[in-house]
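*Asks:* Next comes the sequence, and after it the predicted model I'd like to discuss.
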Amino acid sequence: MTTAAPRAPRGLSRKQSLADPAIWLAARQAARHTWTDTALDDLIDRTITAIRRTTAGRRVGYAWSGGKDSIALDWLCRKAGIDDCVLGISNLEFPAFLTWVTDHMPPGLTVINTGLDLAWLRERPHMLFPQGAHGPRWFPLINHKAQELYFRQASLDMLLLGRRHADGNYTGPRGQVLYTNAKGITRYSPLAHWTHEAVFALIDREHLPMPPCYDWPRGYQVGTGSWPARQWTQDVDHGFEEVWAIDPDVVRHAADELPQAADWLARTGRS
């Protein structure tokens, strides 16, 4: 089954290649000029129409991570009459992010903690600031696992996601926006053709709150997620440097369990 999706003008490339915060700031500042009220309203109307048409008669929910794409998805879903959603977390989250989530969670949110912790990470050193193919493995362990549990528990027919082609996300075979995976979970990505700028334009026009992670080192490139899952670091030392800059207590606490953290603190003279 396929469903049509609104298309948007080409914007910034995939976030994986955009570490410079100045690029993101410039794009966000220009977003409301690129997307006038008329153009943005047209995109919103077409997207909400597509959501209502695709989900009609089905029991549905959406995934909410607290990131910019899920913030836009949350706003659109609620406009379309969909309130139930899920957030997957672990025991390795930044405290500031958890505080923000508590203060800004959607009213229909279910939080599922997948249980990953420092003891789990100690046995899997390759998952600490993962390089190469190890990076994407965090998503099945937290996001996908929580989504699957929620899908079953809520007896859903469909789960809406904030995946977008601009980030290289998979939304279905041959670029379709609706598909059912091998586990029988039907995923629908109504924002698939939205650009970064369109998302910014919606968030800024509607004054939607953004989590603190976007003000952190490489915030727009990394986005939300557990602290040891930060991708595209140069090495483990670089990862700890960034986490220390965000919250030194996270590294101090990790040093009680992780030899890599204790070693980094000793070598850099941090305390």
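*Replies:* Nice, I can see it.
*Asks:* Pull the residues that contact the helix or strand hosting residue 121.
*Replies:* According to DSSP states H and E, residue 121 maps onto helix 118-122. Helix 118-122 has contacts (CB atoms under 8 Å, 6 or more residues apart in numbering) with 91-92, 127-128, 228, 253-254, 256-259. For glycine as for every other residue, the C-beta is placed from the backbone atoms N, C-alpha and C.
*Asks:* which parts of it are buried?
*Replies:* 118, 120-121 (16 or more other CB atoms under 10 Å).
*Asks:* On the strand side of things, show who residue 89 bridges to.
*Replies:* Counting by DSSP bridges, residue 89 is bridged to residue 113.
*Asks:* Correct me if wrong: it contacts residue 142.
*Replies:* Yes - using CB atoms under 8 Å, residue 89 makes contact with residue 142 at a distance of 6.9 Å.
*Asks:* any residues in contact with both of the two?
*Replies:* Contacts common to residue 89 and residue 142, judged by CB under 8 Å, 6+ apart, are 114, 226.
*Asks:* Which pLDDT value goes with the closest residue in space to residue 172 that isn't next to it in sequence?
*Replies:* For residue 172, ignoring the flanking residues on the chain, the nearest one in space by CB to CB, 6 or more residues apart in numbering is residue 179 at 3.7 Å. Confidence at residue 179, expressed as pLDDT, is 97.
*Asks:* what ranges do the helices span in the protein?
*Replies:* Taking DSSP state H, the helices of the chain run over residues 21-34, 37-55, 68-79, 95-104, 118-122, 138-139, 145-153, 196-205, 219-222, 236-246, 248-254, 259-268.
*Asks:* so which of the ones you listed gets nearest residue 175?
*Replies:* Nearest to residue 175 among the helices of the chain is helix 37-55; the distance by CB to CB comes to 14.9 Å.
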